[in-house]
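Trainee: just need the structure, nothing else, for what follows:
(6 chains)
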There are 4 protein chains.
Amino acid sequence: MATVQRRIGAENSATRLAILDACEAVMIEEGYANASTRRVAARAGLKPSLVHYYFPTTDDMHIAVYRRAADWASEELAKALADPEPLMALWRYTLDTTRTALTLEFMAMAVHRDALKAAISEHAGESQRLIIAAIERELGDKARDYSPTVLATIISALGRSLVMEAGIGAGHGHEETRVWFEGWLRDVSKPV
Amino acid sequence: MATVQRRIGAENSATRLAILDACEAVMIEEGYANASTRRVAARAGLKPSLVHYYFPTTDDMHIAVYRRAADWASEELAKALADPEPLMALWRYTLDTTRTALTLEFMAMAVHRDALKAAISEHAGESQRLIIAAIERELGDKARDYSPTVLATIISALGRSLVMEAGIGAGHGHEETRVWFEGWLRDVSKPV
Amino acid sequence: MATVQRRIGAENSATRLAILDACEAVMIEEGYANASTRRVAARAGLKPSLVHYYFPTTDDMHIAVYRRAADWASEELAKALADPEPLMALWRYTLDTTRTALTLEFMAMAVHRDALKAAISEHAGESQRLIIAAIERELGDKARDYSPTVLATIISALGRSLVMEAGIGAGHGHEETRVWFEGWLRDVSKPV
Amino acid sequence: MATVQRRIGAENSATRLAILDACEAVMIEEGYANASTRRVAARAGLKPSLVHYYFPTTDDMHIAVYRRAADWASEELAKALADPEPLMALWRYTLDTTRTALTLEFMAMAVHRDALKAAISEHAGESQRLIIAAIERELGDKARDYSPTVLATIISALGRSLVMEAGIGAGHGHEETRVWFEGWLRDVSKPV
DNA sequence: AATGAATGAGATTTCATTCAT
DNA sequence: CATGAATGAAATCTCATTCAT
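Mentor: Sure, this is the predicted structure:
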């Protein structure tokens, strides 16, 4: 609603993309709190005013970065779920550290920004639905013991924690757990 | 380490504690990026200079808040592990939302601040050791299928994800998973 | 004079009028200092560039608003002076609050803008001449005690002050004064 | 209420006074819209941040200038009312052009700023009360025809208009009116 | 143990204006 | 007629930090 009107600049103008790239890089390297229009502009080699021309407020810029990242994640997820071994592919997707830093920044930001909170929640729900559908397709009636919802949640939640804790150097016992969980997963998805 | 800070105020002066309280409150309500010495001072009804008198740099203040929160969490963890049903108590401890907001702030901060990263990593390792020891005491040789390390990691990681995702409104499928996991946990800790 | 501006838009194009309307509204609601081309454009639902297309500088826009308002005020004045009781009609015209807010904005602006100062002075002189002529027609030789010039000035000056002070909530004693002054006016214009 | 707390700096520190002087000068010369903290700082030879140290917001600065000017006007008014010929002295006080420019700025500002509106209204009411009391003392029961309130309002309102219109070069017929009104005033205050 | 004064940097945003199309 | 892109200046405010007392 609030973001529909007066979107300036073509959705894919080179300048706009350069700003998004720069903002994403600054967020990853210095944290969202440092992704100011000034710093992003400097990073992109642009004038600060031009950043504001494309994104009236700093928030608009941050949210645009989120949307792009979320869209990309959705594509990756779709690819994973189309894999011959969807559960293992999903697990690998979940553990992919490419998106980790950014994800943590957005989660921390979201706590204090309702617009972002809503966007994240919506994206998470959508992903969850896709995952559950894929698990149902894969397991069929073998899924008596573990409901697709429970499986989807455990894979996502466990993966996210492992990846995030590794990101801040708190990865004690992760390797052992990863190996064990992969065994368990394989067991679950094994044909009867 | 490297914390030979020129601390001036007595460790437990009322003023110092008031600053820590105010800083914690601001971090929870507005995020770490907004926990500036000025805002914390205003919140505590003190002059900004006084905050700098107790904590030479803003970082010192943030880290002091972390240490206090970590100490308190360690006490809570010790209580949980002393419970007659340590696994279930540990799970409840992990799901306690009192600390969630603060934890997420510190994780986001830590990505870009090495001192904090080290402190968190150290605390996480210490907690992990205590948990593993407790699980070993509890399960004894029943723990053939699930090594204490794996159990400890899964409980912590799963709990942390559930609690954080709930915090940003992305709690799809959590309730069902929680119920299922508690059943599983009970099963694991059941005497043979 | 000195207004050989490179005006591009047709004098009465719908767009031009929409800009003038929007600018007037912004001036009344937020003050002249906030009547920027950007805000006016937003208010009119137009692009900022289009405003500059019709009014090369912000000043041009402000002065165009003034001219239109002054023209309209002149028409109202002419109607009042054609009334069977011109003095009372003039007094009512002077007290008309429709124009007050705008008038005060222009007076404040004029202090620091010579072009506007000249325009206002010219318009005030013209109005004054019309009023004096009307009073002479009305009072004829009854106007021994009060010269038409004095009468015209007192009515305008008193009315303007009352209306402006009321506008900023400083209307102490105004009602009583208004009643008294109307009695005095009626007395003055009474046939011998 | 809102301005009582955390007033920084001694009420009469040299720096504070220098800022007020500079702000007043800028307001008179360039209008309130240009009395920004930046320009005021430049005018006073200070850094912009220092201005914000004394006056957290631009509004605070403007209002402090108003209060000082209003206090000074009150003193002048008291002197005038203590004159042996209070009505004539009041008229001269009203016509004093020293305060005119500033007064017009504040009136224009007040339309859009409630805090200022309230302050002006309060000051105007207070002045009005002092004037009425002085007129009552002076005229005693001679004031049958013109109530003190009406006299006070007419003197103030007429004087204010003359002075303001002169300020923007719209002083047609003012001299003649002034002479006539002074005769009328003298007549009114003449002992029976 | 505490505070007032001061400063330089930076963040966010708005602005008028120009120019090419 | 109209618009999108761009820019440099300025306004408002917040910040961490230092220093003298």
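Trainee: surely residue A:94 and residue A:156 touch.
Mentor: Yes - using CB atoms under 8 Å, residue A:94 is in contact with residue A:156, at 5.9 Å. The way it works is simple: take the backbone N, C-alpha and C, and place the C-beta from them, glycine included.
Trainee: these two: which has the busier surroundings?
Mentor: residue A:156 (24 against 19; other CB atoms under 10 Å in any protein chain shown).
Trainee: so how far is the longest helix seen in chain A off the chain centroid?
Mentor: Longest helix of chain A, by residue count under DSSP state H: helix A:114-139. What separates the centre of helix A:114-139 from the centre of its chain is 11 Å, taken as CA atoms, centre = their mean, to the nearest Å.
Trainee: please parse chain A into its domains.
Mentor: Per automatic domain parsing, the domain ranges recorded for chain A read A:1-56, A:67-189.
Trainee: most neighbours per residue, which of these?
Mentor: domain A:67-189 (a mean of 18; mean count of other CB atoms under 10 Å in any protein chain shown).
Trainee: with distance to residue C:116 and mean pLDDT added, can I get the domains of chain A in JSON lines?
Mentor: Putting the domains of chain A into JSON lines (distance: least, CB to CB, whole Å; pLDDT from 0 to 100) gives the following:
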{"stretch": "domain A:1-56", "distance to residue C:116": "30", "mean pLDDT": "85"}
{"stretch": "domain A:67-189", "distance to residue C:116": "43", "mean pLDDT": "90"}
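Trainee: out of those domains, which gets nearest to chain C?
Mentor: domain A:1-56 (8.7 Å; CB to the nearest CB).
Trainee: so how far is that closest one from its chain's centroid?
Mentor: With CA atoms, centre = their mean, you get 19 Å for domain A:1-56.
Trainee: touching chain C at all, that domain?
Mentor: No - using CB under 8 Å from any CB of the partner chain, domain A:1-56 stays clear of chain C, coming no nearer than 8.7 Å.
Trainee: so who does residue A:34 touch?
Mentor: A:26, B:112 (CB atoms under 8 Å, 6 or more residues apart in numbering or on different chains).
Trainee: swap in 10 Å and give it another go.
Mentor: A:26-27, A:40, B:33, B:112 (CB atoms under 10 Å, 6 or more residues apart in numbering or on different chains).
Trainee: show me the helices in chain A, by range?
Mentor: Using DSSP H, helices in chain A cover A:14-30, A:37-44, A:48-54, A:58-81, A:86-95, A:100-110, A:114-139, A:148-167, A:174-189.
Trainee: mutual contacts of residue A:94 and residue A:156, please.
Mentor: In contact with both residue A:94 and residue A:156: residue A:131, using CB under 10 Å, 6+ apart.
Trainee: quick one: the residue nearest to residue A:159 when sequence neighbours are not counted from residue A:133, how far?
Mentor: Once flanking residues are discounted, residue A:159 sits nearest to residue A:94: 3.0 Å by CB to CB, 6 or more residues apart in numbering or on different chains. With distances taken as CB to CB, to the nearest Å, residue A:94 is found 17 Å from residue A:133.
Trainee: picking up where we left off before, just send the helices of chain A back as TSV, with distance to residue C:184 too.
Mentor: Formatted as TSV, those follow (distance: least, CB to CB, whole Å):
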stretch	distance to residue C:184
helix A:14-30	69
helix A:37-44	63
helix A:48-54	59
helix A:58-81	61
helix A:86-95	89
helix A:100-110	69
helix A:114-139	62
helix A:148-167	83
helix A:174-189	94
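Trainee: one step back: so the longest helix of chain A versus helix A:100-110, what angle?
Mentor: Angle, helix A:114-139 to helix A:100-110, by axes from the mean of the first three to the mean of the last three CA atoms, to 10 degrees: 130 degrees.
Trainee: and which of the contacts of residue A:34 is nearest DNA strand F?
Mentor: Relative to DNA strand F, the closest of the contacts of residue A:34 is residue B:33; by CB to the nearest atom of the strand it sits at 8.6 Å.
Trainee: got a list of what the closest one touches?
Mentor: Neighbours of residue B:33 in contact, by CB under 10 Å, 6+ apart: A:31-34, A:108-109, A:112, B:27, B:105, B:108-109.
Trainee: and the residues you listed, which is closest to residue D:123?
Mentor: Nearest to residue D:123 among those: residue A:112, at 42.7 Å, using CB to CB.
Trainee: residues contacting the residue lying closest to residue A:87 once chain neighbours are set aside?
Mentor: Using CB to CB, 6+ apart and skipping the chain neighbours, the partner closest in space to residue A:87 is residue A:189 (4.6 Å). Residues near residue A:189 by CB under 10 Å, 6+ apart: A:85-88, A:135, A:138-139, A:142-143, A:151.
Trainee: could you export those residues as JSON lines, including distance to DNA strand F?
Mentor: Listed next are the contacts of residue A:189 as JSON lines, based on distance: CB to the nearest atom of the strand, whole Å:
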{"residue": "A:85", "distance to DNA strand F": "44"}
{"residue": "A:86", "distance to DNA strand F": "41"}
{"residue": "A:87", "distance to DNA strand F": "44"}
{"residue": "A:88", "distance to DNA strand F": "44"}
{"residue": "A:135", "distance to DNA strand F": "43"}
{"residue": "A:138", "distance to DNA strand F": "45"}
{"residue": "A:139", "distance to DNA strand F": "49"}
{"residue": "A:142", "distance to DNA strand F": "53"}
{"residue": "A:143", "distance to DNA strand F": "50"}
{"residue": "A:151", "distance to DNA strand F": "44"}
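Trainee: which one of the residues you listed is nearest to residue A:49?
Mentor: For these, the closest approach to residue A:49 (CB to CB) belongs to residue A:86, at 47.7 Å.
Trainee: mind listing what the closest one touches?
Mentor: Counted by CB under 10 Å, 6+ apart, residue A:86 has contacts A:80, A:93, A:131, A:134-135, A:137-139, A:189.
Trainee: thinking again about what came up before, among the domains of chain A, which is nearest residue D:99?
Mentor: domain A:1-56 (40.5 Å).
Trainee: report whether that closest one contacts DNA strand E.
Mentor: Yes - judged by CB under 7 Å from any atom of the strand, domain A:1-56 and DNA strand E are in contact via A:34, A:36-39, A:48-49, A:52, A:56.
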